[in-house]
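In: Output the structure for:
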Amino acid sequence: MNEEGRGPSAEPLLALIGEHLESIRTALDDAQHALLLTRLKALAEASPDDGMAVRRALQGVRLAVRQLPFGHPVRIMVDGVRLVAAPPGPQAVTEALKLVDLLAAPGGAPVPEPEPEPEPQAAPEAGPQAAPDAAPEAAPVDPAGRADRAADPLLREPALSAAEATARCGGAPPPELIRLPDPQNGDRYPEFQFPAGGGTPYEVVLEVNRLLMAEVDPRGAAAWWYGGNSWLSGPPVSLLGRMRDHELVGAATALVEGE
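Out: Sure, this is the predicted structure:
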C-alpha cells in the first residue's frame, strides 16, 4: 500500500505480470492463458487518451489474473487492491503491448535458446536379445471429466443446475448470472447468487456481476466473489446478507474503475 493506504497502480501490476510470465503460463490452463492474452490485447489496443477505455480494459486484465492460484504474487497484488493510487495512464497501454508480445510466445515467455544436441554415442555391441518391454498399461479413462472437475475449485462450490436456475428465475436465467460450464453436469450456476430459502437472484449480485462483466468472464467474476478482499475483510460471498449492498457494489466498482 502507498502512503494514502491505497493499492497498486496499473503499471506496477503490469510490471509484476512481466516478472512472472513463466509461472503465470504454468499456473493457467490454455483457456485461462488465452483469456489473459485477449484482455492484454484489449488494453494494448485502447486509445491512451481515452481514460475510461483504458480503465475498462485494465479491469479485464485484473479479472483475468484472478484466475491465478491463491499465493501467486500477481494474485496477491490484485486481491489486496482497495483502490489504485491513480487512474491508469498512457504507460499502461505501452506496458500491455510489451506483455502481449511476450505472452504470445510459446510457453508464455520468451523462447529460450535451443540446447546443443548431444554428441552421438557408439552403438552397443550386439548381445543376447532382451525380451521386449511389456506395453505400458493404458491410463484409466476419466468418465465425464471428473478429474477436471475435481481440480477446478470453482466447480467444487455449491451450485444449481441449469434447470434449477431456470425454475428459480421463473424463466431463462438473466445473462448477469455467473454460469460455469461443467464437463460432468453441464452448466452450473453458483448457489450463492440465490437466497438460501428460495426465490429469485439477489439484486445486488446481479448489479455486481454486471460490473464484473460476468456474461463475458464468468470465471473472473466468480473468482472475485470467492476470493479474499482486503477492503471487505473477507470473501465477498461470505458477506451477502451481512453487509450493506452498496458496500459490496463499492468494492466491485473500485476494481472496475480503479479510483
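In: any weak-confidence spans in this protein?
Out: For the chain, applying pLDDT under 70 flags the ranges 1-10, 79-89, 105-151, 229-231, 256-259.
In: can you give me the strands for it?
Out: Assigned by DSSP state E, the chain shows strands spanning 159-161, 180-182, 186-190.
In: could those go into CSV alongside distance to Pro48 and mean neighbour count?
Out: Any C-beta I mention is one placed from the backbone N, CA and C, and that applies to glycine too. Below are these laid out as CSV (distance: least, C-beta to C-beta, whole Å; neighbours: other C-beta atoms under 10 Å):
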stretch, distance to Pro48, mean neighbour count
strand 159-161, 41, 19
strand 180-182, 35, 16
strand 186-190, 37, 19
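In: Looking at these, spot the one closest to Pro69.
Out: Nearest to Pro69 among the strands of the chain is strand 180-182; the distance by C-beta to C-beta comes to 17.3 Å.
In: packing partners for that closest one?
Out: Using 3 or more C-beta pairs under 8 Å, 6 or more residues apart in numbering; DSSP states H and E as the contact criterion, the neighbours of strand 180-182 among helices and strands are helix 153-156, strand 186-190, helix 218-226.
In: which other residues reach it?
Out: Contact partners of strand 180-182, identified using C-beta atoms under 8 Å, 6 or more residues apart in numbering, comprise Arg149, Leu154, Leu155, Ala159, Asp187, Arg188, Tyr189, Pro190, Pro218, Arg219, Ala222.
In: change it to 7 Å
Out: Contacts of strand 180-182 from elsewhere in the structure, counted by C-beta atoms under 7 Å, 6 or more residues apart in numbering, are Arg149, Leu154, Leu155, Asp187, Arg188, Pro190, Pro218, Arg219, Ala222.
In: any idea how far the fifth one is from Leu240?
Out: Yep, that's Arg188 we're talking about. Distance, Arg188 to Leu240, using C-beta to C-beta, to the nearest Å: 18 Å.
In: circling back to that earlier point, of all the strands of the chain, which one comes closest to Pro174?
Out: strand 186-190 (10.6 Å).
In: Name every strand pairing with the closest one and say which way it goes.
Out: Strand 186-190 has the following sheet partners, assigned by DSSP bridges: strand 159-161 (antiparallel), strand 180-182 (antiparallel).
In: Run through the helices of the protein in chain order.
Out: Listed from the start of the chain, the chain has helices (DSSP state H) covering 10-19, 21-27, 30-45, 51-65, 73-79, 90-103, 146-151, 153-156, 162-169, 203-211, 218-226, 245-257.
In: Looking at those, which one is packed in the most?
Out: Among the helices of the chain, judged by mean count of other C-beta atoms under 10 Å, the one packed with the most neighbours on average is helix 218-226 (a mean of 24).
In: quick one: Arg210 from Glu45, how far?
Out: Using C-beta to C-beta, one gets 23 Å for the distance from Arg210 to Glu45.
In: typo on my end, Arg62
Out: When C-beta to C-beta is applied, the distance between Arg62 and Glu45 equals 17 Å.
In: same deal with Asn185?
Out: With the distance defined as C-beta to C-beta, Asn185 ends up 37 Å from Glu45.
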